Each structure stands twice: as C-alpha cells, then as structure tokens.
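[1] Task: produce atomic coordinates for the following.
(one chain, ligands or ions: 1)
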Amino acid sequence: MPTILGHNQYGKAENRVVKITRDGDTHHIKDLNVSVALSGDLDDVHLTGSNANCLPTDTTKNTCFAFAKEHGIESAEQYGIELARHFVESQPSIHRARIRIEEYSWERIAGSDAGSKFIGSDEVKHSFVRKGQETRLVQVTYDGEQFEVLSGLKDLTVMNTTNSEFWGYIKDKYTTLKEDYDRILATSLSTWWRHNWTGVDDERTPNWNKSYEQSKKHILQAFVETYSLSLQQTLFQMGSRVINNRSEIDEIRFSAPNKHHFRQDLSAFGLENEAKDGAVYWAADRPYGLIEATILRDGADQRIPVDMTNL
Ligand SMILES: O=c1[nH]c(=O)c2[nH]c(=O)[nH]c2[nH]1
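    Below you'll find the model as predicted:
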C-alpha cells in the first residue's frame, strides 16, 4: 500500500538552560526549559534516508545554550524569538521553528526569612528559593502513653549561585568529575524533625506554627551563610543550626537531591563560559546525587527512619 508522509517536526525537547548573570555581587537567574521543534523540507530525511537537509537535534541543543551565552536572556520571549529566527533564517531547509519555553521563577531568600544578622539588607545577593514553595508535613504518633511529633517539609528548592566548591575527593580510574571552585549548589529539600515533647513528662507544648517557621528560617539561614565544600557539609550546618536554636527539637533528618548544574562547554563555538563572568549551565534532572543525613542533639535517640519516603 502506498503511504505518504504527513506533518512532521523534530528538535531537541526540554533543554534545561540556566543562565546566571553577575552584577557585582548581585546575581540574577534565568532558568528555562526550552523545547525546539523544526519543520520544513525534510521529506528526504524520512523517505530516502538522506540527511542533507537535517540540522541535528544535537545542534539545536547547542544553539540554545550558546545563544544564552552570546545574547543573554532578557526575556523568554526575546530569547525564543531569536532562536526561532536563527533556525529558519540560517537553514534553507528549515521553514518553521517552534520554540516552547517554560520559565521557572526564583526569588531571593529575603533577610527576614533567613534571619536578619547577615547581609545588612533585606535581600541576599546570590541565594534563591524556587517560587511555589514547600509543602509542610506532620506525623503524630500516640500509643496511649506518649506522643511523638514529627514535623517537616518537602520541595523546598534552593540555589546558591556561588560560594560552593567541590574538590579534594577520591579519584579512581572511573573518576572523570573535574574539581570545581565556583559551582552552583541547588537542592530540593525534604526534611523531618522530631520534637522532644511527649505530652507526658513535659507539659510545655510547643507553639507548633512558630516552631515550624523558625526551623525553616534556620535551615534557610544556614543555606545562605554556609560557604559550602559539599552538600553534606551544608546539611550538617542546617541541622546543627536547628538543633542549637530550637530546644524543642532533638533530631532532624534531611534528604537532599543534588540538583546538578553543569557548566556547558561552549569552547567549540569560541565562547568562554566561566562562572566568574556569569555562565550558562545545563540543569540535569537525573541521575542526581542523593545526600541524606541525620543531625542529633548530643545524647538523643536516633528515631527518624533512614528511609523517610513512607513517612
Ligand atoms: O556536594 C557534593 N557531594 C558529593 O558527594 C558529590 N559527588 C559528586 O559527584 N558531586 C558532589 N557534590
């Protein structure tokens, strides 16, 4: 049976393009998910196997990253317009380009969220929290004698665009990771903490809302203030800060995916892409490092389960 080729399009979907712009100490984030779909004179590619008219999807990906560096991202619209124009006007075989962009918004962690002692202004210059913030979590257990109250949160997504390094690690024959002295540190925190109130021997019931707000504030404050040599170190600082500042909490456990942002290699296009100049990063969604740790008050029992996913 004869068949004919109908509508077709192709391109690289979901390029996670993150552009940091540095204005002195003050950094700005553009975090986009960019999907390219091209169509045009592509019948031969499908029908004969000739790729003479085919701009590789890999090239469309590189173009997304290179344009972010070369032209910046003033707005998702302007960036999309430039990309679409480029594909159609530079390639005779491409007649139509559709660029779809989702933009993720980040807010500066405000001084009031993270405590007031640092920075001396309302805004922190390179620490951000993803908009559409966290989900608050609670688990109460009562066995007729004692209560156990766990509080926590999930999906608190934070990013430091500098003040993070990772180096000095083991290098074996499978290690390819380059040491990094100025990287992005981003994570989406899940955490549970255990109150020492049992409802029995201690009648001083915490103000739960205040306890929650203050614990979150200390977690954010530690994230902002820690010059990080690993996500592990940052987690320990966060946990210690909560335990040291909140006498009602004895134990806190974190599960923190390391949301990797790899600096894109643009050298093939003659473009430098150094962190110090404001770089373009590729936000990988998987695989991800998963860093988990419990921090305890000295002498306290370790009761929060290692695997918190079923909590
Ligand atoms: O903060 C980090 N901790 C690690 O254990 C690790 N491993 C890795 O590849 N990158 C990182 N980053």
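[2] I'd assumed Gln221 was in a helix, is it?
    Yes. Residue assignment for Gln221, taken from DSSP: H, G, I helix; E, B strand; the rest coil, places it within a helix.
[3] Helices of the stretch 1-150 of the chain, start to end?
    Using DSSP state H, counting those that start in this stretch, the helices assigned to the stretch 1-150 of the chain run over residues 43-47, 57-71, 76-90, 111-114.
[4] Kindly export the first one (C-alpha atoms) in CSV.
    Taking Å, rounded to 0.1, in the frame of the first residue of the first chain, the C-alpha atoms of helix 43-47 are listed here in CSV:
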residue,chain,number,x,y,z
ASP,A,43,10.8,14.7,3.3
ASP,A,44,14.0,13.1,2.1
VAL,A,45,15.2,12.5,5.6
HIS,A,46,12.1,10.4,6.2
LEU,A,47,11.7,8.9,2.7
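[5] Show me which residues of the protein sit near the ligand.
    Contact residues of the chain with respect to the ligand, defined by C-beta under 6 Å from any ligand atom, are listed as 166, 177, 230-232, 258, 289. (Glycine included, C-beta is placed from N, CA and C.)
[6] And these, which two are furthest apart?
    Of all pairs drawn from the residues of the chain next to the ligand, the widest gap by C-beta to C-beta lies between Leu177 and Gln232 and measures 15.4 Å.
[7] Those two: who's more crowded?
    Remark: of Leu177 and Gln232, Gln232 carries more neighbours, 16 against 11, as counted by other C-beta atoms under 10 Å.
[8] Provide the secondary structure category for the spatially closest residue to that one that is not a sequence neighbour.
    Spatial nearest neighbour of Gln232, chain neighbours left out: Ile291 (5.5 Å); criterion: C-beta to C-beta, 6 or more residues apart in numbering. Recorded secondary structure, Ile291: strand (three-state DSSP).
[9] next one: Arg194
    Three-state secondary structure (criterion: three-state DSSP) places Arg194 in strand.
[10] Just list whatever residues bridge to it.
    Arg194 has the following beta-bridge partners by DSSP bridges: Leu150, Glu251.
[11] can I assume it is in contact with Glu251?
    Yes. In this structure, Arg194 is within contact of Glu251 by C-beta atoms under 8 Å, at 4.3 Å.
[12] okay, and the common contacts of these two?
    When contacts are counted by C-beta atoms under 8 Å, 6 or more residues apart in numbering, the set common to Arg194 and Glu251 consists of 303-304.
[13] Compare the two and say which one has the larger neighbour count.
    Neighbour count, other C-beta under 10 Å: between Arg194 and Glu251, Arg194 has more, with 25 against 22.
[14] which of the residues in stretch 84-104 are buried?
    84, 86-87, 91, 94, 97, 99, 101, 104 (16 or more other C-beta atoms under 10 Å).
[15] on that earlier part again, spit out the contact partners of the residue nearest to Gln232.
    With contact taken as C-beta under 8 Å, 6+ apart, Ile291 is in contact with 187, 230-232, 235, 254-258.
[16] who wins for most neighbours among the residues you listed?
    Scoring those on neighbours with other C-beta under 10 Å, the highest-scoring entry is Leu235 at 28 neighbours.
[17] rewinding a little: so which of the buried residues of stretch 84-104 comes closest to Thr157?
    Within the buried residues of stretch 84-104, distances to Thr157 taken as C-beta to C-beta reach their minimum at Tyr104, with 8.9 Å.
[18] Enumerate every residue touching the nearest residue to that closest one once chain neighbours are set aside.
    Taking C-beta to C-beta, 6+ apart as the measure, Tyr104 lies nearest to Asp31, with 4.3 Å between them; neighbours along the chain are not counted. Contacts here follow C-beta under 8 Å, 6+ apart; on that basis Asp31 touches 16-18, 103-106, 283.
[19] Of these, select the buried ones using a ChimeraX command.
    The following ChimeraX command selects only the buried members of those, with burial defined by 16+ other C-beta under 10 Å:
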select :16,17,18,104,106,283
